[in-house]
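**Student:** Model the following, please.
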Amino acid sequence: MCGGEGTRLRPLTFERPKPCIPIVNRPSIQHLVSHLSDLGFNDVVITLGYLGTAIEDSLGDGSLFGVDITYVHEKTKLGTAGSVRNAMDFLDGHDFLVVGGDHVTDIDLLEFYREHRRERPMVSIGLISIDDPSEYGIAEIDVNYTIRRFKEKPGPGEIFSNLASTGIYVCNPEIFSFIPPETKFDFARDLFPLLMSEGHRLQAWLARGNWTDVGSPSSLRQAQRWKLDEMPFSSFMGDISITGGQIAGPVMFGTAVTIGSNCRITGPVAIGSGTTIENDVLIGPYTSIGDNCTIRSRAKIFSSHLCKGVTLGQDSTASGSIIDNGTRIGESCSIENDTVIGPRVEIRDRSVVHSKTRIWPDVVVPEGSVVREHILNEDYDIRIAGS
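**Tutor:** As a prediction, this is how the structure comes out:
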């Protein structure tokens, strides 16, 4: 399911759908499709909505990932269950797995599918224990893993469980008789309460492993950390020039990377093709730098995510931040933790961007500024709540 606008991740989703946000320099949906392929799920149907052509461009026909992909476009927003019903002609009347296109996970979903096939409930729901379930649907289960209660986004006093729905389901095709055609209809809000009210069994499956729906900047950084942790060793894609530096891997280098003298890089780190790193630069673990970036002398980067064509000026520091394509950061700037900076932003010399702030695309931050709150651009939608 790839229909949402990703408003909670703005400004990163104005020009790309959420499944195309890069994680370790690859669109996140490529990681998901590769994982499904490795498990043996080779027939993939993708429902498309917002900026769907970008997803088609990143995956093609699926052959590079060992799968066969069919795309189904939504003309209007149909909700999660409605979008799946819109694709039912391509599901061949078999039990099927439903996964959000923005999910990053290493969970064994083949085990999940097989468990559903053994037990034969109407729907199986993947649940995972989570510290703060208030932004998810939660479930109460019995000793037979039958779901007894389900509550979407519970408020205070309603959090009767920390078992959150992953939004990953295995469904019997009979569910389509309960989903009205061409109508906005959601799994959690509409279908599950309807099925339970009519006595149909919903079964829980307790997931083990890493999972996030990349619904916020912090969860995006967490997903990046997981993927960087999966790097087993340093790798080189082509020419690389290093002068008197020190590298403690694993580090994944693209082609034509240049690293100046006395640099220190501690992995896991990914550095994209065509990137230039000048002298005396310090790069800490869990950092990803995209293609054609320029990191000026004495800059420091810690657990941050720089997309393509980013410039980080001399003596500047980026810590725990996400910086989108083409942004230029001047000299002696500090980009603090949990900041999100949109594409083509210019932050001029000696500026400080406070933690948890966001800067919209094409904004110019004057020299010596202290950014304490979001800087919006009225040329773009300003909402950050929603999908």
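**Student:** now the worst-scoring helix or strand of the chain on mean pLDDT, how far from the chain's geometric center?
**Tutor:** The least trusted helix or strand in the chain, going by mean pLDDT, DSSP states H and E, turns out to be strand 235-236, with a mean of 80. Its chain's C-alpha centre and that of strand 235-236 lie 24 Å apart, by CA atoms, centre = their mean, to the nearest Å.
**Student:** Could you export the next helix or strand after it as PDB, CA atoms only?
**Tutor:** Counting by DSSP states H and E, the element after strand 235-236 in chain order, helix or strand, is strand 240-243. Below are the C-alpha coordinates for strand 240-243, written out as PDB (Å, rounded to 0.1, in the frame of the first residue of the first chain):
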ATOM      1  CA  ILE A 240      38.300   6.300  -4.200                       C
ATOM      2  CA  SER A 241      41.000   8.800  -3.100                       C
ATOM      3  CA  ILE A 242      42.100   8.900   0.500                       C
ATOM      4  CA  THR A 243      45.000  10.900   1.900                       C
END
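**Student:** Which elements pack onto strand 240-243?
**Tutor:** Applying 3 or more CB pairs under 8 Å, 6 or more residues apart in numbering; DSSP states H and E, one finds that strand 240-243 makes contact with strand 257-261. Quick note: C-beta positions are derived from backbone N, CA and C, even for glycine.
**Student:** Strand partners (parallel or antiparallel) of the strand it packs on?
**Tutor:** According to DSSP bridges, strand 257-261 forms sheet pairs with strand 240-243 (parallel), strand 276-277 (parallel).
**Student:** I'd like those strands as JSON lines, with distance to Val104, mean neighbour count and mean pLDDT appended.
**Tutor:** Listed next are the strands paired with strand 257-261 as JSON lines, based on distance: least, CB to CB, whole Å; neighbours: other CB atoms under 10 Å; pLDDT from 0 to 100:
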{"stretch": "strand 240-243", "distance to Val104": "28", "mean neighbour count": "13", "mean pLDDT": "82"}
{"stretch": "strand 276-277", "distance to Val104": "27", "mean neighbour count": "21", "mean pLDDT": "97"}
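**Student:** For Arg221, find the nearest of those strands.
**Tutor:** Relative to Arg221, the nearest member of the strands paired with strand 257-261 by CB to CB is strand 276-277, separated by 21.2 Å.
**Student:** what comes into contact with the following helix or strand past that closest one?
**Tutor:** For strand 276-277, the following helix or strand on the C-terminal side (DSSP H and E) is strand 282-283. The contact list for strand 282-283 (CB atoms under 8 Å, 6 or more residues apart in numbering) reads Cys263, Arg264, Ile265, Thr266, Val269, Ile277, Ile289, Ile295, Ala299, Lys300, Ile301, Phe302.
**Student:** For Ile29, which non-adjacent residue is closest in space?
**Tutor:** Closest residue to Ile29 apart from its sequence neighbours, by CB to CB, 6 or more residues apart in numbering: Pro19 at 3.8 Å.
**Student:** So for Pro193, which of the strands paired with strand 257-261 sits nearest?
**Tutor:** When these are compared by CB to CB, strand 276-277 sits nearest Pro193, at 54.0 Å.
**Student:** can you list the residues that contact that closest one?
**Tutor:** So strand 276-277 is contacted by Val257, Thr258, Ile259, Gly260, Cys263, Ile271, Ile283, Cys293, Thr294, Ile295 (CB under 8 Å, 6+ apart).
**Student:** those strands in the stretch 1-150 of the chain, which residues are they?
**Tutor:** 22-23, 26-27, 43-48, 68-73, 96-98, 104-105, 123-129, 137-141, 147-152 (DSSP state E, counting those that start in this stretch).
**Student:** still on that earlier bit, ok, so of the contacts of strand 282-283, who is nearest Ser369?
**Tutor:** The closest of the contacts of strand 282-283, once distances to Ser369 are taken by CB to CB, is Ala299, at 18.7 Å.
**Student:** doesn't Thr317 make contact with that closest one?
**Tutor:** Yes: between Ala299 and Thr317 there is a contact at 7.1 Å, judged by CB atoms under 8 Å.
**Student:** So for these two, which sits in the more crowded spot?
**Tutor:** Neighbours were counted for Ala299 and for Thr317 using other CB atoms under 10 Å; Ala299 has more, 25 against 20.
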